[in-house]
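Novice: here's my sequence, what's the structure:
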Amino acid sequence: MHEYGLTADDKKSIGLLTSQTLVRQIVADLKACKDDSASRARTRLYFTKESHVHTLLNLVAACGVPLKVSPAELDELDYLTQITFELYERARGLGAEPSDKEYSVRISFSPGTFCAELVDLHVDPVLHAITAAPKRDLTDHVQLDEVIGCLVRLLEQCPVSGTAAVNGGASVNATETGVETAAAK
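Specialist: The predicted structure is shown next:
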């Protein structure tokens, strides 16, 4: 998609202007999951526009996390496109202290429910719904600190620190603890 940049530098710059708030929130949530000593599962869902998904994929490619699949090899985005940042935790040994846990992240992608031939569409007979394409792993398991470091270094290159214009002039202010939105005047 040319509107998201032609060169790697263009894709990174456009991605930072468009999706830095989302990346900051993902980083904050990954850090919070690691820092919270309670052993309970967590899910964070972020809903956004297709343009932000394109730019988020471009930022994942630009940040330096080792990828198994290039974003150029991915299918066209469609309804219910998903990018997942899966955080895994494991103890380093039997009887290990909670501080001795290892954390890794795997980033995966599904292009959603694209169907080239609506005439030949196969709807799930039980659910009566179109199912999304299976996820593909964009990365292997990568150490959490490496992923956070790559994303933080990428955010440090942002030409406009902390604020980006979105949706025709509304501004979004990212903080280390969360995302605040303010309507355009």
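
Novice: for the protein, give me the ranges with low pLDDT.
Specialist: Within the chain, the segments meeting pLDDT under 70 span 1, 37-39, 95-96, 98-99, 114-124, 127-128, 159-185.

Novice: center of it - which residue?
Specialist: In the chain, the residue lying closest to the centroid (C-alpha atoms, centre = their mean) is I83, at 5.3 Å.

Novice: got the contact list for that residue?
Specialist: With contact taken as C-beta atoms under 8 Å, 6 or more residues apart in numbering, I83 is in contact with V53, L56, L57, V60, I107, S108, F109. Quick note: C-beta positions are derived from backbone N, CA and C, even for glycine.

Novice: out of the residues you listed, who's the most crowded?
Specialist: V60 (26 neighbours; other C-beta atoms under 10 Å).

Novice: so which residues of this protein form helices?
Specialist: 8-35, 50-62, 144-155 (DSSP state H).

Novice: of the ones you listed, which is nearest K135?
Specialist: K135 sits nearest to helix 50-62 of all the helices of the chain, at 13.4 Å, using C-beta to C-beta.

Novice: for E102, see how far away the residue nearest to the centre of the chain is.
Specialist: I83 is 23 Å from E102, where distance means C-beta to C-beta, to the nearest Å.

Novice: with T18 instead?
Specialist: Relative to E102, and taking C-beta to C-beta, T18 is found at 33 Å.

Novice: partner residues bridging the residue nearest to the centre of the chain?
Specialist: Per DSSP bridges, the residues bridged to I83 are F109.

Novice: residues contacting L87?
Specialist: Going by C-beta under 8 Å, 6+ apart, the list of residues near L87 reads L30, C33, K34, Y103, S104, V105, L144.

Novice: quick check, nearest of those residues to T7?
Specialist: Among the contacts of L87, V105 lies closest to T7 (C-beta to C-beta), at 27.1 Å.

Novice: for that closest one, give me its contacts.
Specialist: Counting by C-beta under 8 Å, 6+ apart, V105 touches L30, F85, E86, L87, Y88, T139, H141, V142, Q143, L144, V147.

Novice: thinking again about what came up before, T18 and E102: who's more crowded?
Specialist: Ranked by neighbour count (other C-beta under 10 Å), T18 and E102 place T18 first, with 22 against 13.

Novice: picking that back up, neighbour-wise, which of the contacts of V105 leads?
Specialist: Going by other C-beta under 10 Å, V147 tops those with 25 neighbours.
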